[in-house]
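In: Just to be clear, the model below is a prediction. Sequence and coordinates:
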There are 2 protein chains.
Amino acid sequence: MYPEHSPQPDPALRHRRGAARLTVLRDGEPLADADLTVEQTGHDFGFGCIGFDFVPLHGGELDPDGDEAARLTALAEQWLDVFNWSTLPFYWAQFEPERGRPRTEQLRRTAEWFRSRGVTLKGHPLVWHTLTAPWLLDLATDEIERLQRERIRRDVGDFRGLIGMWDAINEVVIMPVFTAEANGITRLARRLGRVGTIRLAFEEARASNPSATLLLNDFDMSSAYDTLIEAVLEAGIQVDAIGLQSHMHQGWWGEEKTLRVLDKFSRYGLPLHFTEMTLVSGDLMPAHVVDLNDHVVDTWPSTPDGEARQAEELEAHLRLLWQHPSVASATYWGISDVGAWLGAPAGLIRADGTPKPAYDALRRLVKGEWWTAPTTLRTDAAGRVEVEGWRGTHRLTAGGASASFSLTAPTADLILSLD
Amino acid sequence: MYPEHSPQPDPALRHRRGAARLTVLRDGEPLADADLTVEQTGHDFGFGCIGFDFVPLHGGELDPDGDEAARLTALAEQWLDVFNWSTLPFYWAQFEPERGRPRTEQLRRTAEWFRSRGVTLKGHPLVWHTLTAPWLLDLATDEIERLQRERIRRDVGDFRGLIGMWDAINEVVIMPVFTAEANGITRLARRLGRVGTIRLAFEEARASNPSATLLLNDFDMSSAYDTLIEAVLEAGIQVDAIGLQSHMHQGWWGEEKTLRVLDKFSRYGLPLHFTEMTLVSGDLMPAHVVDLNDHVVDTWPSTPDGEARQAEELEAHLRLLWQHPSVASATYWGISDVGAWLGAPAGLIRADGTPKPAYDALRRLVKGEWWTAPTTLRTDAAGRVEVEGWRGTHRLTAGGASASFSLTAPTADLILSLD
């Protein structure tokens, strides 16, 4: 049974706001009639970006004193200033180019670097037909299945405690009918069917980390994807969130399509993750291109007009997602023009390291309009004070001591001990 | 588990041919060294056409001596000369416009007329959001479900023995996201989900006629439909054949698309029915039209060029279907330009009752190239004779006596008693 209607956008943003009645204690006694400061320290919402750029930096592949390391170190500061979620690359072709020699250590160091800075991590993807291990192609389908299962179990297990979210499987709608490139996973998906392949991915990932957040992720926004979601739910497979790619190299979806996608995919009562958002700051890719990979250009420059449009559209898009109660995260793909997918000027930071208007627009939302700046409040005679703000972590400071709390609900009663 | 590969077309047409070693008996003794004639009397393959035109004729709604009855009587002869399968209309809106007063009798008389002429019947459709009963709209969703279940059970039961095939449910891919017209079935499909709604249709139809051939039918040839088919098979719902609409008002699919569709949908090992074929003999509908119903024109004439194209394309299309071992039937939509859907010149017979070239082309295939003309053979001393031909029913005649047999397999041993 599904609800007949979808959750609706709320311009009043009630789903993003929280409030708490705090009772502040110091040395076990109510802190009566005292001034204190409350400031936001983090967002509940996942403002995400891929962290692929930083694997070479932390994976020990760069001269730590070289130019590239310096560029990435500066980029990391810009990254951390706006983002709190990161997607890390687990493409099988790159993660285990030689069978039996996975790049676990490089990824682990990168993951630890992000985690120690409070960033929530998602691994991408555990099963995909593109960029899968090329050495699968020579194997029998049964053997591909066995290795795919082992791979999921190994990697989800190895990163337990560091990575708690996974794109368990990527682009299943096209998986069994994908023809652009011979690969072992399409063969497996033809054998098992879409639902069978998804079951395999979720079974193994769940077995390896029962508390993981596991996603289906797809670029197909047609009825094929919601038909697939229904098939998966009908089959009793627990999906924790629905991943919606949104590479918009051919132009912003616009409000009508964005609202339609939100309405369509929110009906299942699952959190929506916008997993792969791209908006270019140069010429748009022609509309007739179907597989974005088919668009190959020598250079694809960022332009002033393109940058203005990118900023405007990114802001408009994020406002729509922010207003919809089902959206839990929005991940940009990715921060820099350097090494961007398809050579597109898709970054928020130019190749020279300077921020584009889109970066500034994003920062204004994430750390401005949707962020509670330090506020001075006063407790009453019983040490109580009411706090209201955006959902996320906050710090309360009084007389040099502080305590943290989260606003996660319309209202809550909390007791805070300063230390 | 699905096969990784689809059945392939066979230009040698082995799947359409049959052979038998007959032993012919007369009065219990082998008919030795005798001349006999073998002729084909029917096709295994379903050469179908809608029979909607004839409901008024047999439903008692026409003056039997009037012009319209005369037109339909002539049309019926043309119909019966090429077709052996018919689809009859069970659109809820028309079948039961007033709740509780279904047009069972009119349909029964029409069905009996077809059956007595050896025509195999299919009812269309048991569940559909378009042309559903308008009086559902005012009811609660639970009540819609109850009435939809009752309706299926009643009609499949009432026509048991006459109609053994049903489009159990029509256009499920779009059903829960259909917005062109408010209706009760879309509401039901949102509540139950696509798989749940299909389960309802198949459950009730199966309960009412356990030996019925039950189909899913859709116009959506994208991955949404094969995703849905996988979902249904995964859910353990027994689908007996896959219905593929192919209204080609915007032009013939062409060989490439036709082969791709055949390859995609044949992989599940189920018979394919081309349930709703249309090719116009006039201007093509513009390619930009998405919902064919949106194309409204004052007149849409049949033209000489259009008629030549229609004949050529119908023949090319049928040859492709005929070569593919998974295709069990091909139903044209429908025979006459009079009353054709959308006012299109889609008929094989002009409004004035004369056959278009497409009718002649179809007849040449069905009763010519793919038909075994009467052939003289001679039995051996043991009364044996080898027969080879197209799969279907045949009659053997010798000395004024005859017997019927079917060619259904590459080879068979049969004993025939003449009477």
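Out: Nice, thanks for sending it over.
In: only C-alpha atoms for contact and neighbour calcs from this point on.
Out: Will do.
In: so who does whatever residue of the stretch 151-300 of chain A ends up closest to chain B touch?
Out: Here the residue of the stretch 151-300 of chain A nearest chain B is residue A:224; by Cα to the nearest Cα that distance is 3.5 Å. The contact partners of residue A:224, by Cα atoms under 8 Å, 6 or more residues apart in numbering or on different chains, come to A:173, B:173, B:222, B:223, B:224, B:225, B:227, B:228.
In: Kindly report the same for residue A:404.
Out: Neighbouring residues of residue A:404 by Cα under 8 Å, 6+ apart: A:393, A:394, A:395, A:396, A:416.
In: could you list every residue that touches the last one?
Out: Spelled out, it's residue A:416. Contacts of residue A:416 by Cα under 8 Å, 6+ apart are A:22, A:23, A:24, A:25, A:403, A:404, A:405.
In: Top of these by number of neighbours, please.
Out: Scoring the contacts of residue A:416 on neighbours with other Cα atoms under 10 Å in any protein chain shown, the highest-scoring entry is residue A:24 at 26 neighbours.
In: isn't it right up against residue A:381?
Out: No. Counting by Cα atoms under 8 Å, residue A:24 does not reach residue A:381; the two are 10.8 Å apart.
In: if I look at those two, which residues touch both of them?
Out: residue A:31.
In: Could you find the closest non-adjacent residue to residue A:409?
Out: residue A:18 (4.9 Å; Cα to Cα, 6 or more residues apart in numbering or on different chains).
In: Check whether the one you found sits in a helix, strand or coil.
Out: strand (DSSP: H, G, I helix; E, B strand; the rest coil).
In: neighbours around it, how many?
Out: 19.
In: The residue lying closest to residue A:85 once chain neighbours are set aside: which element?
Out: Using Cα to Cα, 6+ apart and skipping the chain neighbours, the partner closest in space to residue A:85 is residue A:48 (4.2 Å). Element membership of residue A:48, judged by DSSP states H and E, is strand A:46-50.
In: after that strand, next one along is what?
Out: helix A:55-58.
In: Can you report phi and psi for residue A:327?
Out: Dihedral angles of residue A:327 (phi, psi; degrees, to the nearest 10) stand at phi -80, psi 120.
In: related to what we said a few turns ago, pipe the contacts of residue A:404 into JSON lines and attach pLDDT and secondary structure per row.
Out: Formatted as JSON lines, the contacts of residue A:404 follow (pLDDT from 0 to 100; DSSP: H, G, I helix; E, B strand; the rest coil):
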{"residue": "A:393", "pLDDT": "97", "secondary structure": "strand"}
{"residue": "A:394", "pLDDT": "97", "secondary structure": "strand"}
{"residue": "A:395", "pLDDT": "96", "secondary structure": "strand"}
{"residue": "A:396", "pLDDT": "97", "secondary structure": "strand"}
{"residue": "A:416", "pLDDT": "93", "secondary structure": "strand"}
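In: all strands for the stretch 201-350 of chain A, in order.
Out: A:213-218, A:241-248, A:272-279, A:327-332 (DSSP state E, counting those that start in this stretch).
In: Tell me the one among the contacts of residue A:224 nearest to residue B:134.
Out: residue B:173 (21.2 Å; Cα to Cα).
In: Could you pull up the residues touching that closest one?
Out: Counting by Cα under 8 Å, 6+ apart, residue B:173 makes contact with A:223, A:224, A:227, B:194, B:218, B:220, B:224, B:225, B:228.
In: Save those as TSV, and put in distance to residue A:300 and pLDDT too.
Out: Converted to TSV, these look like this (distance: Cα to Cα, whole Å; pLDDT from 0 to 100):
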residue	distance to residue A:300	pLDDT
A:223	33	95
A:224	32	97
A:227	36	97
B:194	43	97
B:218	42	98
B:220	37	96
B:224	34	97
B:225	37	98
B:228	39	98
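In: Filter those residues down to just the ones in helices.
Out: Of the positions in the contacts of residue B:173, A:223, A:224, A:227, B:194, B:224, B:225, B:228 sit in helices, assigned by DSSP state H.
In: Please convert the buried members of those residues into ChimeraX selection syntax.
Out: Applied in ChimeraX, the following selects the buried portion of the ones in helices among the contacts of residue B:173 according to 16 or more other Cα atoms under 10 Å in any protein chain shown:
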select /A:223,224,227 /B:194,224,225,228
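In: Just name the closest of the ones in helices among the contacts of residue B:173 to residue B:315, please.
Out: residue B:225 (26.3 Å).
In: Might one say that that closest one is in contact with residue B:218?
Out: Yes. Using Cα under 8 Å, residue B:225 is in contact with residue B:218, at 7.4 Å.
In: The stretch 301-419 of chain A: helices as residue ranges?
Out: A:304-323, A:357-364 (DSSP state H, counting those that start in this stretch).
In: okay, these in CSV with distance to chain B next?
Out: Converted to CSV, these look like this (distance: least, Cα to the nearest Cα, whole Å):
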stretch, distance to chain B
helix A:304-323, 21
helix A:357-364, 33
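In: can you put those helices in TSV and add mean neighbour count and mean pLDDT?
Out: Output for the helices of the stretch 301-419 of chain A, formatted as TSV (neighbours: other Cα atoms under 10 Å in any protein chain shown; pLDDT from 0 to 100):
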stretch	mean neighbour count	mean pLDDT
helix A:304-323	18	98
helix A:357-364	19	98
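In: Now tabulate those in JSON lines and tack on distance to residue A:105.
Out: Output for the helices of the stretch 301-419 of chain A, formatted as JSON lines (distance: least, Cα to Cα, whole Å):
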{"stretch": "helix A:304-323", "distance to residue A:105": "35"}
{"stretch": "helix A:357-364", "distance to residue A:105": "31"}
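In: and of those, who's closest to residue B:162?
Out: helix A:304-323 (54.9 Å).
In: Kindly state the domain boundaries assigned to chain A.
Out: A:11-42+A:373-417, A:45-369 (automatic domain parsing).
In: winner for burial among those?
Out: domain A:45-369 (a mean of 19; mean count of other Cα atoms under 10 Å in any protein chain shown).
In: Span of that domain from start to end?
Out: 14 Å (Cα to Cα, to the nearest Å).
In: Just give me how far that domain sits from the chain centre.
Out: Mean C-alpha position of domain A:45-369 versus that of the full chain (Cα atoms, centre = their mean, to the nearest Å) differs by 7 Å.
In: list the contacts for residue A:209?
Out: A:156, A:157, A:160, A:164.
In: Am I right that the second one is in contact with residue A:210?
Out: By that I understand residue A:157. No. Using Cα under 8 Å, residue A:157 is not in contact with residue A:210, being 10.2 Å away.
In: Which residues are in contact with the closest residue in space to residue A:312 that isn't next to it in sequence?
Out: Closest residue to residue A:312 apart from its sequence neighbours, by Cα to Cα, 6+ apart: residue A:358 at 7.3 Å. Counting by Cα under 8 Å, 6+ apart, residue A:358 touches A:307, A:308, A:310, A:311, A:312, A:314, A:315, A:348.
In: isn't the second one right next to residue A:357, touching?
Out: Meaning residue A:308. Yes. In this structure residue A:308 lies within contact range of residue A:357 using Cα under 8 Å: 6.5 Å.
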